[in-house]
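**Student:** Mind looking at a prediction? Sequence and model below.
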Amino acid sequence: MGMLLVIIAYLVYTAFWVRISLHTLIWLKSARRLISYRPVSGVTPLSAFGGSVLDLLFFRRLFESNKVLWLGSWAFHVSFLFVILRHLKYFLNPVPGCISCVQPLGIVAGYILTFSLLYVVAVRLTARTKYVSYQNYFVLGLLFFIGASGLTMRNFFKPDLIDVKNFVMGIIAFRPSALPGNFFFVLHFSLALLLIPYIPFHIFTAPFITIEARRRQQGLDLVMHDE
Amino acid sequence: MSNKRERKPARDDLSFTKELSPLHLIELDACTQCGECLKYCPVQDVTGNPLISPPEKIRVFREFIKATEGLKARLFGPGAIDRRLLEDFSKALYECTTCGACGQHCAVGIFTQRLWPMLRKEMVRRGLGPIGPQAELPKVIADTGNPYNKPAEERFAPWFPEHVKVSERADIAYYAGCTGAYEATPMVKGDAVVLGAIGEPFTMLPPAEEVCCGFPLFITGQHDMLEDLTRRLVESYKARGVRTLLCSCPCCVNIMSRDWPVFYGKELPFKIRHITQFVEDAMKSGKLRIRKELRERLIYHDPCYLSRGVGIMEEPRAILRGIPGAELLEFDRNRLKSRCCGAGGAARKVFHDNAIAMGRLTIDEAVDKGADRLILSCPACYAKVNEAMQGYDRQIRITDIMELLGDLVEKQGL
């Protein structure tokens, strides 16, 4: 079982980078072709980035569109970030001081993450949104069970953390070690592996488009007006 | 060797990304499928069909890319895409009015007003677009110079006021545009009357030379003639010593300011100005004075390609506020967030019922707000909203902003 999960982990990791590479390849291929619109002049990417800090940090565009959904979505993304930071302690040796510092916040974030997912699903269902993305619901469900299994381990069925770290570090070092004998850890880890191929690509691209949108907005006045 | 040469273009032809820039591709990847944009989509307002919604179109297009350029396609060859799926997608793409409200309200900020026309270009390349009469546009424009298949002799003659003088050469030129000249003549007549009242010399191209600006071709994804049309128009104005080109049609202004430099290959030798910019300046400098009172409540509708397209929002309002006695009302969604009246994206030529229903939503809100008059600033909006009011139980007077101004100028006397 342990070896099977290790092999799957390598496959998933490879597939993830193949996916990124394919997308990059398609972007690069199209970069050679004519961009058939006139880039807005006078607004540099840097000034647009400055203007879009709030857009990026606080999801301002979503806030303006749907404040109820924004609350859950923003809480989820921020807590997800802290949960990832907390989990870095299993991947790094020695553990940097900043990662140690973030541990208590990471624990709180684990609760927020799980409950914010429930909140988001509840908002979507009660609002009877016209458009339903089944893949989004699948990813939300997967994340919820990852969060819930993590909280179960934290509160009820604690795994041996030394075994967990050895297992994870073994994968990174290509020297696989024994799978911790905790059902919830196996579940948690397996679901995380299942999540990786379904990670929505907008996580990587949306920030760039949000900055570009700010740049376009700032430049709109310059299309027909003198500076 | 020769086989390789034959195969390569064939593989490339299967690609769905051939007409797209990296930015468009990143935008396609950036859609979160949240569905928030559906609340602002005018086509959704009247059809309620999520299968033709912005996130669904993006999802399906991503599937097309995956099927032809994904890992499986690269390892085992591109998968066949169901013809019916492609046709349905193309129909959904052409049912859109390309108003860009979805992008304006997008949680990420995707520039859909530009993305949809580029996806249409891909559909044209595949022989799946455009739809219905839109496909006749290149031939009609090549034959007559306009998308309405009307003779050049009728372009100006039926409406151009005799008392307004047009110079042979001038710093300023006025482009009437095909939709205004053939479908919304009170609007372009108003343009000419007001320009005459301002008194600055202006020139115009002869009717046979003032050809289509290219927008109907651009918006339907048929780009083959665009360079030629642009070059003909730009060179003609340049030959007349033009420094500023005025136009009242938002679609023309949009393609002139955003795309003509691309098709022309360099910066234009003149500035593009929307007529409301020129008129507002004239009112400010005292060259145009509106003394005639108009004790009415006016509600101004922002055309999508004027507000979201090129950022002209305050000039029309300043003009309307400058009319003595007039009270200006606003739609709930105004300026950058305005709602499409249904005339955009050449969809009105095929999805007539949708366009009428959308036009009636605009009429409904204007009536509910208690306006005496609905003020438009786009020939396509003007033609379609007027059509939408025919046989409708809710009625409001519809006037183009320049038509209104022209009437006031004529009533007060020069």
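**Tutor:** Structure received.
**Student:** for stretch B:219-227, which positions count as buried?
**Tutor:** B:219-223, B:225-226 (16 or more other CB atoms under 10 Å in any protein chain shown). All C-beta spots, glycine's among them, are computed from the backbone N, C-alpha and C.
**Student:** Go ahead and name everything in contact with that stretch.
**Tutor:** With CB atoms under 8 Å, 6 or more residues apart in numbering or on different chains as the test, stretch B:219-227 has contacts from A:36, B:94, B:98, B:117-124, B:129-130, B:134, B:137-138, B:141-142, B:214, B:217-218, B:251, B:259, B:263-264, B:345-346.
**Student:** Would you quantify the distance from the closest residue in space to B:Leu128 that isn't next to it in sequence to A:Arg60?
**Tutor:** The shortest distance from B:Leu128 to any non-neighbouring residue, by CB to CB, 6 or more residues apart in numbering or on different chains, is to B:Ser90 (4.2 Å). When CB to CB, to the nearest Å is the yardstick, B:Ser90 and A:Arg60 sit 35 Å from each other.
**Student:** Pick out whichever of those two has more residues nearby.
**Tutor:** Neighbour count, other CB atoms under 10 Å in any protein chain shown: between B:Ser90 and A:Arg60, B:Ser90 has more, with 22 against 18.
**Student:** I figured the more buried one hits B:Arg125, correct?
**Tutor:** No: here B:Ser90 lies out of contact with B:Arg125, judged by CB atoms under 8 Å, at a distance of 11.4 Å.
**Student:** Nearest the geometric middle of chain A, what residue?
**Tutor:** A:Ile203 (5.9 Å; CA atoms, centre = their mean).
**Student:** Would you quantify the distance from that one to B:Pro158?
**Tutor:** Distance from A:Ile203 to B:Pro158, by CB to CB: 57 Å.
**Student:** now B:Pro151
**Tutor:** Between B:Pro151 and B:Pro158 the computed distance is 11 Å (CB to CB).
**Student:** just B:Ile319 next, same as before
**Tutor:** Shown here: B:Ile319 relative to B:Pro158, a distance of 26 Å by CB to CB.
**Student:** Look at these two and report which has more neighbours.
**Tutor:** B:Ile319 (27 against 11).
**Student:** Check the gap between the more buried one and B:Ser377 for me.
**Tutor:** Distance from B:Ile319 to B:Ser377, by CB to CB: 10 Å.
**Student:** what is in contact with these two at once?
**Tutor:** B:276, B:401.
**Student:** Can you get me a residue count around residue 99?
**Tutor:** Just going to use chain A. Neighbours around A:Ile99, by other CB under 10 Å: 17.
**Student:** that's the wrong chain, I meant chain B
**Tutor:** Around B:Cys99 there are 31 residues (other CB under 10 Å).
**Student:** Following the chain past the worst-scoring helix or strand of chain B on mean pLDDT, name the next helix or strand.
**Tutor:** Of all helical and strand segments in chain B, the minimum by mean pLDDT, DSSP states H and E falls on helix B:2-14, at a mean of 54. Going down the chain from helix B:2-14, the next helix or strand is helix B:22-30, by DSSP states H and E.
**Student:** Output the contacting helices and strands for that next one.
**Tutor:** Judged by 3 or more CB pairs under 8 Å, 6 or more residues apart in numbering or on different chains; DSSP states H and E, helix B:22-30 is in contact with helix A:2-31, helix A:202-224, helix B:54-69, helix B:112-125.
**Student:** Just the buried positions in the host helix or strand of A:Leu46, please.
**Tutor:** Taking DSSP H and E as the definition, A:Leu46 sits inside helix A:45-51. By neighbour count with 16+ other CB under 10 Å, helix A:45-51 contains the buried residues A:48-49.
**Student:** What score does the residue nearest to the centre of chain A have for pLDDT?
**Tutor:** You'll see A:Ile203 listed with a pLDDT of 94.
**Student:** how far away is it from chain B?
**Tutor:** 9 Å (CB to the nearest CB, to the nearest Å).
**Student:** Tell me who's in contact with that residue.
**Tutor:** With CB under 8 Å, 6+ apart, A:Ile203 has no contacts at all.
**Student:** Quickly note the distance from it to B:Gly35.
**Tutor:** In terms of CB to CB, A:Ile203 sits 18 Å off from B:Gly35.
**Student:** Same question for A:Phe156.
**Tutor:** Look at A:Phe156 and B:Gly35: by CB to CB, they are 37 Å apart.
**Student:** ok so B:Gly325 is a helix residue?
**Tutor:** No: applying DSSP: H, G, I helix; E, B strand; the rest coil, one finds B:Gly325 to be coil, outside a helix.
**Student:** My guess is it contacts B:Arg291. True?
**Tutor:** No: under the criterion of CB under 8 Å, B:Gly325 is not in contact with B:Arg291, lying 10.8 Å apart.
**Student:** Roughly how far does the residue in the stretch 1-150 of chain B that chain A sits nearest to sit from B:Ala92?
**Tutor:** Closest to chain A within the stretch 1-150 of chain B is B:Gly109: 2.5 Å, counting by CB to the nearest CB. Separation of B:Gly109 from B:Ala92 (CB to CB) stands at 22 Å.
**Student:** More neighbours: which of these two?
**Tutor:** Neighbours were counted for B:Gly109 and for B:Ala92 using other CB under 10 Å; B:Gly109 has more, 26 against 18.
**Student:** tally of neighbours for B:Phe160?
**Tutor:** Counted with other CB under 10 Å, residues neighbouring B:Phe160 total 19.
**Student:** ok, now B:Phe202?
**Tutor:** B:Phe202: 23 neighbours (other CB under 10 Å).
**Student:** what do you get for A:Leu5?
**Tutor:** Going by other CB under 10 Å, the residues that sit close to A:Leu5 add up to 17.
**Student:** pLDDT wise, what is the residue of the stretch 1-150 of chain B closest to chain A at?
**Tutor:** pLDDT, B:Gly109: 97.
**Student:** Find the nearest non-adjacent residue to it, please.
**Tutor:** A:Ala213 (2.5 Å).
**Student:** quick one, phi psi at B:Thr203?
**Tutor:** With angles defined as degrees, to the nearest 10, B:Thr203 sits at phi -120, psi 160.
**Student:** Pull the contacting residues for A:Phe157.
**Tutor:** So A:Phe157 contacts A:182-184 (CB under 8 Å, 6+ apart).
**Student:** And it, how close does it get to A:His87?
**Tutor:** Distance, A:Phe157 to A:His87, by CB to CB: 18 Å.
**Student:** Please report how far A:Cys98 lies from A:Pro104.
**Tutor:** According to CB to CB, A:Cys98 stands 13 Å off from A:Pro104.
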